[in-house]
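Enquirer: I'd like to go over a predicted model; first the sequence, then the structure.
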Amino acid sequence: MLSNVNALINRAGREATTDRAVFDTLTNRIQGLAKTRSLLTAENWSSALLRDVIEPETAGVYGDDRVTLSGPDVFVTSEATLAIGMAVHELATNTAKYGAFSSQDGHVSLNWSRITDARSDRLIIQWKETGGPQIDGPDKTGFGTQLITSTLEGSLGGTVKPEWEQNGLRVVIELDFDDVTVSKGA
């Protein structure tokens, strides 16, 4: 179904008299969804390994020399797979336009961990850019940022904290570990 939608968008884009970038952005978002759905189909829509959700949108596109992924094997629910997949796709897209991936020397480190303390049991995902252009932060909140926030905070009850540091964007995502993960047993 997503392939059909993508074909319709591509056709409309070829015939459009407006800005082609709108169609390219929409096509990329649909392709990101399709990749994530393929992961879930392989697991009967139950869960996916977090690394497998993140890797195709980051190191799979920009290369292992520009992306560092680290974290334990964590299986996330189908709902979390879709939400995290879309968020990572949007982060990577914005990074290619404005951040580290827009510069030849730019790099993204993406790590995740489980934090258990007196407050709660959380899955922490950190996105950290270095080597890109100096960014002071956006003048306004764009569609991608709104999508990330509404998906992760609204759908999963998590928090998204972007920080524009001198070396690049840093985003910390916190999710309730028990709500977004699945135990796969040994």
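Expert: Received it, and whenever you're ready, just let me know what you need.

Enquirer: Poorly predicted segments of this structure, please.
Expert: Scanning the chain for pLDDT under 70 picks out the ranges 1-45, 185-186.

Enquirer: show me where it has strands.
Expert: Taking DSSP state E as the test, the strands found in the chain are 47-49, 67-70, 75-77, 107-116, 121-130, 159-165, 168-176, 181-182.

Enquirer: Can I get the ones you listed in TSV including distance to residue 99 and mean neighbour count?
Expert: Any C-beta I mention is one placed from the backbone N, CA and C, and that applies to glycine too. What follows is the strands of the chain, written out as TSV (distance: least, C-beta to C-beta, whole Å; neighbours: other C-beta atoms under 10 Å):
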stretch	distance to residue 99	mean neighbour count
strand 47-49	26	22
strand 67-70	13	16
strand 75-77	25	21
strand 107-116	8	17
strand 121-130	5	20
strand 159-165	10	14
strand 168-176	6	20
strand 181-182	28	18
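
Enquirer: nearest to residue 138, of those?
Expert: Each of the strands of the chain has some distance to residue 138 by C-beta to C-beta; the shortest is strand 159-165, at 8.4 Å.

Enquirer: What strands line up against that closest one, and which way round?
Expert: Sheet pairing for strand 159-165, assigned by DSSP bridges, gives strand 168-176 (antiparallel).
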